[in-house]
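# Build the 3D model from these lines:
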Amino acid sequence: MKVLKIHTLEKGWCDKDYLLLAGFQIIVGFVEKEKPDQIVDWNFDFKHKLAWKEIRSLYRRWAQTRPARRSPPDEKSFRDSNCKVIHIDNITQNMYCMSVQ
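Here you go, the predicted structure:
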């Protein structure tokens, strides 16, 4: 069995909606380890351009913006993160398919 350790969660119980944030970790791993900017022509067509723009946006939000915040997340930022999870679902459906073209 494969195990995905979600680095941003503390040990112990958490509500299932927090598990959705694992999608951000998958985006970060994809960008940092697989280097899709070096192997995919993201200018191939509009769909590729749009996907790469969203991948970069999600990556920056999780890897740069979130760690830099100075106060705990408020209700608005939590809602924003939930909206971004929807974007992650849309992107990850095509992420690996695009990288093999």
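
# Just say helix, strand or coil for residue 70.
Secondary structure, DSSP: H, G, I helix; E, B strand; the rest coil: residue 70 is coil.

# nope, residue 31 is what I meant
Applying three-state DSSP: residue 31 is helix.

# Can you report how many residues lie near it?
Counted with other CB atoms under 10 Å, residues neighbouring residue 31 total 19. Where C-beta positions appear, they are placed from N, C-alpha and C, glycine not excepted.

# residue contacts, it?
37, 55-56, 59, 63 (CB atoms under 8 Å, 6 or more residues apart in numbering).

# let's go with 6 Å and repeat that
residue 59 (CB atoms under 6 Å, 6 or more residues apart in numbering).

# separation between it and residue 61?
Using CB to CB, to the nearest Å, one gets 12 Å for the distance from residue 31 to residue 61.

# Ok, residue 70 next?
Residue 70 is 16 Å from residue 61, by CB to CB.

# The two: which has the busier surroundings?
Using other CB under 10 Å as the criterion, residue 70 and residue 61 rank with residue 61 on top: 16 against 4.

# okay, the more buried one: pLDDT?
The model reports residue 61 with a pLDDT of 85.

# now the strands for this structure?
Using DSSP state E, the chain contains no strands.

# Tell me where the model's unsure across the chain.
Applying pLDDT under 70 to the chain flags residues 71-101.
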